[in-house]
Each structure stands twice: as structure tokens, then as C-alpha cells.
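A.B. asks: here is the input, now give the coordinates:
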Amino acid sequence: MNWLNRLERKMGRHYIPDLMKYLCIAMLGVFALELLPLYRSAYQLLYFNRDLILRGEVWRLITFIFLPPNKTIIWILFSLYFYYFLGTALERQWGSARFNIYYAIGILGNIIAGFITGETTNEYLNLSLLLAFAALYPEHQIQLFFFLPVKMRWIGWAWGAYLIYQLVIMPLPYKVSLIFSLLPFILFFGKQAWLQLRLDIRRLMRWINLHRQ
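C.D. replies: Numbering: from 1, shown residues only. Model (predicted):
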């Protein structure tokens, strides 16, 4: 990807090492603020809203990425650990500059989506890291539900199928946000994912034909 190599060179040292660590800390901090009896909730001050941005609240162009994925303590700790695991693994593989570029493309995509529909979310951007990890490490095996060994290849395809389902059922703003959130994955892995899909379908068909006999 020549365009990516050129972009990395232009960045020089202008990137944030351990980016995912700081994002997870920020999301945890916002969650903690939500527990305080403030006049306005942290979410209301930080979420992306096109109309409020155009009225001068320009910080919302970036602060929406600090919003935690949910509002239950157990699930948020699990989610942030998962985001951190994925993000740091990708950064080790690519280097900090390339990981910053991946995430920045996702942020820009969400900003575009937000101005199209009025609102956007960071949820699909963070979860796109799962697809990127599965593309880089398809044979990596994790313990699903802490006991079921599953390769990342199949988790990636299952998550892709779920995203297609989301495109069908979710309201228009979420559909647009989802599509633009996947922009970095498409730029980084689009061709590879298409070729891998064809290969895995052929493998699956061979397995089905074998067990029919």
C-alpha cells in the first residue's frame, strides 16, 4: 500500500504511542463522571451532534470517541479490556504510526457520517479493530466464553455477518455510521478480505461435500 507508506513518512513522529491505552483510560474516566451527580451528564456534553457543533460546540468533533460503550460496570471493564487487547496487538504488528492512521481514518469517517445524519457513534469504529485483528491473525485461537476454543478467522466472519444484520435492522444514522466506521478496514484489508472469503467458502463447501458422503 504505497499511499499508506507515504502517509507514514509524512507523519514523521507526529503520532501517539499506546493510543488505545489512552482511549480506554478516557472512556473509563467518562464512565466514572457519569456516576457523579453533575448538572449535565458527561455523555450530554461529549456526544457528536451536528447542530450543536455548528452552533460552536466544536469539541464534539473529537470527544465522541471518548464515550464508553455501555453503562454497566462489568460489561464496560470487559469491553475496554477487549479494545485494549485488540488495539495494542495491532499497534505491535503495524507500529504506532500506522495504527494511528487506521484509527484516524475511522474518526474522519465517523465525522463525515455525523454530518450526513446529524449524529454518530464510536461503537463500530472500536469494534472494527476485531475485523482487523482477525484479518492479521486468522489462525489465532481464543477461548470463547472462557472455555470454547475458536479461531479468529471464524469470529471475524461471524462478526462480519452480525454487522450485515445491523445494516438491515438499525436506523439510518447507525447504518451510515457503521459503513463509514469500516472505512479503515476496507482500505487496509478490503482486497485481502474478499480473497479470504472466497477461499473460506471453498473450504466450507469441500467440508460439507466430504461429510455428505
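A.B. asks: and the strands in this structure?
C.D. replies: In the chain, the strands defined using DSSP state E lie at 141-144, 148-151.
A.B. asks: could those strands go into JSON lines alongside distance to Asn122, mean pLDDT and mean neighbour count?
C.D. replies: Backbone N, C-alpha and C define where each C-beta goes, glycine included. Formatted as JSON lines, the entries for the strands of the chain read as follows, by distance: least, C-beta to C-beta, whole Å; pLDDT from 0 to 100; neighbours: other C-beta atoms under 10 Å:
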{"stretch": "strand 141-144", "distance to Asn122": "23", "mean pLDDT": "74", "mean neighbour count": "12"}
{"stretch": "strand 148-151", "distance to Asn122": "26", "mean pLDDT": "80", "mean neighbour count": "11"}
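A.B. asks: and of those strands, who's closest to Tyr84?
C.D. replies: In terms of C-beta to C-beta, the element of the strands of the chain nearest to Tyr84 is strand 141-144, at 14.7 Å.
A.B. asks: next up, the contacts around the closest residue to Met11 other than its chain neighbours.
C.D. replies: Using C-beta to C-beta, 6 or more residues apart in numbering and skipping the chain neighbours, the partner closest in space to Met11 is Ala97 (5.2 Å). Residues touching Ala97, when contacts are defined by C-beta atoms under 8 Å, 6 or more residues apart in numbering, comprise 8, 11, 15.
A.B. asks: tell me the spacing between Ala97 and Asn122.
C.D. replies: 21 Å (C-beta to C-beta, to the nearest Å).
A.B. asks: before we move on, what about Pro68?
C.D. replies: As defined by C-beta to C-beta, Pro68 lies at a distance of 9 Å from Asn122.
A.B. asks: just Ala158 next, same as before
C.D. replies: For Ala158, the distance to Asn122 - C-beta to C-beta - is 22 Å.
A.B. asks: so which of these two has more stuff around it?
C.D. replies: A count of neighbours by other C-beta atoms under 10 Å puts Asn122 above the other of Ala158 and Asn122, at 23 against 13.
A.B. asks: number of residues surrounding the nearest residue to Leu108 once chain neighbours are set aside?
C.D. replies: Nearest non-adjacent residue to Leu108, counting by C-beta to C-beta, 6+ apart: Leu183, 7.9 Å away. Residues lying near Leu183 (other C-beta under 10 Å) number 20.
A.B. asks: relative to Glu34, how far out is Phe185?
C.D. replies: Separation of Phe185 from Glu34 (C-beta to C-beta): 29 Å.
A.B. asks: those two: who's more crowded?
C.D. replies: Phe185 (21 against 15).
A.B. asks: how about the residue positioned nearest the centre of the chain, what does it touch?
C.D. replies: Residue closest to the average C-alpha location in the chain (C-alpha atoms, centre = their mean): Asn126, at 2.4 Å. Shown here is Asn126, whose contacts under the criterion C-beta under 8 Å, 6+ apart are 69, 83.
A.B. asks: all helices of the chain, in order?
C.D. replies: For the chain, the helices defined by DSSP state H cover 2-11, 19-34, 42-46, 50-54, 60-63, 73-94, 96-117, 123-136, 152-169, 172-181, 183-212.
A.B. asks: so which of these gets nearest Ile142?
C.D. replies: The nearest among these, by C-beta to C-beta, is helix 152-169 at 6.8 Å.
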